[in-house]
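Student: Sharing a sequence plus its predicted fold:
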Amino acid sequence: MRIEALWVAFYTIVIREIRRFTRIWPQTLLPPAVTMTLYFIIFGNLIGSRIGQMGGFTYMQFIVPGLIMMAVITNSYSNVVSSFFSMKFQRSIEELLVSPVPNWVILAGYVTGGMARGLGIGLIVTLVSLAFTHLTIHNLPMVVITVFLTSALFSVGGFINAMLATKFDDISIVPTFVLTPLTYLGGVFYSIGLLPDFWQGVSMANPILYMVNGFRYGILGVSDVNPFVSLGMILVFIVLLSLVALQMLQRGKGIRH
Amino acid sequence: MTNALEIEGLTKQYGDGFQALKGIDLHVRQGDFFALLGPNGAGKSTTLGIVSSLVNKTSGKVRVFGHDIDTHLVQAKLNLGVVPQEFNFNQFEKVFDIVTTQAGYYGIPLGRAAQSAEKYLKQLGLWDKRNTPARMLSGGMKRRLMIARALVHEPKLLILDEPTAGVDIELRRSMWAFLEQINREGTTIILTTHYLEEAEALCRNIAIIDRGRIVKHTSKRDLLQQLSVETFILDTEQELEGAPTLEGVSCRINNEGALEVDVEKGQGLNAVFAQLDALGIKVVSMRTKANRLEELFLRLVEENASDSAKDLEGAA
């Protein structure tokens, strides 16, 4: 396919993805806004006022970057996993398989669709947080790069999950039993400096800790880890997982007999 | 002239060891209206699935308008439109979006895609439903939607897997007329169907596949000429209680109470009418039994089953 045709195929997939999650906005856009508002009220205002300062900031200010990142991660992942799996389930994936769209364009289209939702939700949560606290940006490029790359990484992760899934249970196992615990234990609500040494060491093995802290560094200027190490790790994981996803598409894993 | 489709030595073995295709050779000429017939599980959908990249082949060659799917898959796909057996669109999307999105996958910009979608949705009687979510359509409309979607990028070869399954007679006839029209305009069509009457009415060339092998690959005319016996249905003035005894022909009373007479080729009907006249049976109308192809199909499939059984006995 020529470059113009590839571009048309790419934005066709992206537009269809955006159309899908905006069509069902009460299921996709509204719940994160409601959930995060509750987090801000309960953890930020009610409990946070008794906790005092953390890392030199109010508890509300401290948790805002983590909550934004949590929303971005969860929504980027769940958008791709549910969209691609439902295409498999309804067999509408065949529309793509019979067409001449190359595998890398399919992957790029879905990842961009996942990022559109993840970043859109991130923006909504940021706007909601402004109703509760004042935010200043310490390092804008770091904020933008970290949130974009994290969203891309979890969109690719969602794509692989959808390729492997054979039933609806399979698309909820990873978000429930892997993503949620890692996010909650990834320094969203606390600094790992509060933990005993052993658990600090264990926390360092959690990849989400690096993303949350990289983003927190961009907004507040404080981080438990080196933010540039965070960026490097995210990039390496994006490359590795993308290669895995492309290999699965090439083999037709779960989509071709 | 390059064939629209060429298949050589195509085999498919599924993961569970089942050998769905055992070396298929097939060619379809440009402009042809071709039927691939066979009983359930014969390998029709597997063959078409491999041609349309929905199934991975085990071995063999497939070329679409000369483009090998192993080396020039994009060119092969650009020439191909596929209408599958099962509904395979997003049920929640609108009709117009489904068709224009498919065009987008072929690199057609939205403006041209919209024109093409309008053309085919109008021709298939779906233009009024363009803003309706697909799940709200009737079964026949969903089938027509899949045809419009398959044609939106103007393919030179259209593959239809059971396109009229579950469609009422009136709609089936209108779909036949549409397919004949696009075939006249130059689109090569390959059709699988369980309605042999459909293949007999539409197709010029036919292949019959059974148990993963092609058991016949010829023109419809040649195939029908292989019928040594032709069956005529005679409507009599008075209802017959039983089939009369006629010298040189076999006959029976069918479900409708009409007389069915098997006449060998070249035998002529004069002797039959003379005998019926002598028995005082008055014939008021006569027609050829329509499903001639069905008889031949059943015979070929039975012969293949018997050959396969002998092969198994030999192997044992």
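Tutor: That came in fine, so what should we check first? Residues are numbered from 1 along each chain as shown, chains lettered A, B, ... in the order given.
Student: Just give me the neighbour total for A:Pro65.
Tutor: By other C-beta atoms under 10 Å in any protein chain shown, 29 other residues sit near A:Pro65. Every C-beta, even on glycine, is put in place using the N, C-alpha and C of the backbone.
Student: Apart from its chain neighbours, what residue comes closest to it?
Tutor: A:Arg216 (4.1 Å; C-beta to C-beta, 6 or more residues apart in numbering or on different chains).
Student: what does the model give that neighbour for pLDDT?
Tutor: A:Arg216 carries a pLDDT value of 89.
Student: Report the separation between the closest residue to B:Phe65 other than its chain neighbours and B:Gly186.
Tutor: Leaving aside its chain neighbours, B:Phe65 sits nearest to B:Asn79 (4.7 Å; criterion: C-beta to C-beta, 6+ apart). B:Asn79 sits 12 Å away from B:Gly186 when distances are taken as C-beta to C-beta, to the nearest Å.
Student: hey, what's in contact with both of those two?
Tutor: Between them, B:Asn79 and B:Gly186 share these contacting residues under C-beta atoms under 8 Å, 6 or more residues apart in numbering or on different chains: B:Lys156.
Student: rewinding a little: am I right that the residue nearest to B:Phe65 is in contact with B:Ile69?
Tutor: No: checked against C-beta atoms under 8 Å, the pair B:Asn79 and B:Ile69 is beyond contact range at 10.9 Å.
Student: what's B:Ala134 sitting at in phi/psi?
Tutor: Main-chain dihedrals, B:Ala134, degrees, to the nearest 10: phi -60, psi -30.
Student: okay, now it: neighbour count?
Tutor: B:Ala134: 21 neighbours (other C-beta under 10 Å).
Student: For residue 10, what are phi and psi?
Tutor: You didn't pick a chain, so chain A it is. Per degrees, to the nearest 10, the backbone of A:Phe10 is at phi -60, psi -50.
Student: You answered for a different chain; I wanted chain B.
Tutor: phi -80, psi 130.
Student: what's the answer for B:Val62, then?
Tutor: According to degrees, to the nearest 10, B:Val62 has phi -130, psi 130.
Student: Can you give me the pLDDT of it?
Tutor: 95.
Student: how about stretch B:136-150, does it get close to chain A?
Tutor: Yes: if you take C-beta under 8 Å from any C-beta of the partner chain as the test, stretch B:136-150 does meet chain A, through B:Arg149.
Student: near chain B, which residues of chain A?
Tutor: Residues of chain A that fall close to chain B, judged by C-beta under 8 Å from any C-beta: A:1-2, A:4-6, A:8-9, A:11-13, A:15-16, A:19, A:23, A:86-87, A:90-92, A:94-102, A:252, A:256-257.
Student: B:Asn79 and B:Gly186: which has the busier surroundings?
Tutor: Per other C-beta under 10 Å, whichever of B:Asn79 and B:Gly186 has more neighbours is B:Asn79, with 19 against 9.
Student: Spit out the contact partners of the nearest residue to A:Ile121 once chain neighbours are set aside.
Tutor: Spatial nearest neighbour of A:Ile121, excluding adjacent residues (C-beta to C-beta, 6+ apart): A:Asn75 at 4.4 Å. Counting by C-beta under 8 Å, 6+ apart, A:Asn75 touches A:28, A:32, A:114, A:117-118, A:121-122.
Student: again, only using 6 Å
Tutor: Neighbouring residues of A:Asn75 by C-beta atoms under 6 Å, 6 or more residues apart in numbering or on different chains: A:117-118, A:121.
Student: of the residues you listed, closest to B:Gly248?
Tutor: A:Arg117 (78.3 Å; C-beta to C-beta).
Student: I'd say that closest one and A:Thr22 touch.
Tutor: No: using C-beta atoms under 6 Å, A:Arg117 is not in contact with A:Thr22, being 8.9 Å away.
Student: Need the pLDDT of B:Lys216.
Tutor: B:Lys216 is given a pLDDT of 83.
Student: Can you pull the phi/psi pair for it?
Tutor: According to degrees, to the nearest 10, B:Lys216 has phi -160, psi 140.
Student: OK, contacts around it?
Tutor: B:208, B:300.
Student: swap in B:Phe33?
Tutor: With C-beta under 6 Å, 6+ apart, B:Phe33 has these contacts: B:183, B:189, B:202-204.
Student: Which members of these occur in helices, if any?
Tutor: Mapping the contacts of B:Phe33 onto helices (DSSP state H) picks out B:183, B:202.
Student: Now pLDDT, distance to chain A and neighbour count too, for the contacts of B:Phe33, in JSON lines please.
Tutor: JSON lines is the format used below for the contacts of B:Phe33 (pLDDT from 0 to 100; distance: C-beta to the nearest C-beta, whole Å; neighbours: other C-beta atoms under 10 Å in any protein chain shown):
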{"residue": "B:Asn183", "pLDDT": "94", "distance to chain A": "20", "neighbour count": "18"}
{"residue": "B:Ile189", "pLDDT": "95", "distance to chain A": "16", "neighbour count": "24"}
{"residue": "B:Leu202", "pLDDT": "87", "distance to chain A": "23", "neighbour count": "20"}
{"residue": "B:Cys203", "pLDDT": "89", "distance to chain A": "23", "neighbour count": "23"}
{"residue": "B:Arg204", "pLDDT": "89", "distance to chain A": "25", "neighbour count": "15"}
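Student: quick one: which of the contacts of B:Phe33 is nearest A:Gly48?
Tutor: B:Ile189 (68.7 Å).
Student: if we can go back for a sec, verify the stated contact: the residue nearest to B:Phe65 with B:Val64.
Tutor: Yes: if you go by C-beta under 6 Å, B:Asn79 and B:Val64 touch, sitting 5.2 Å apart.
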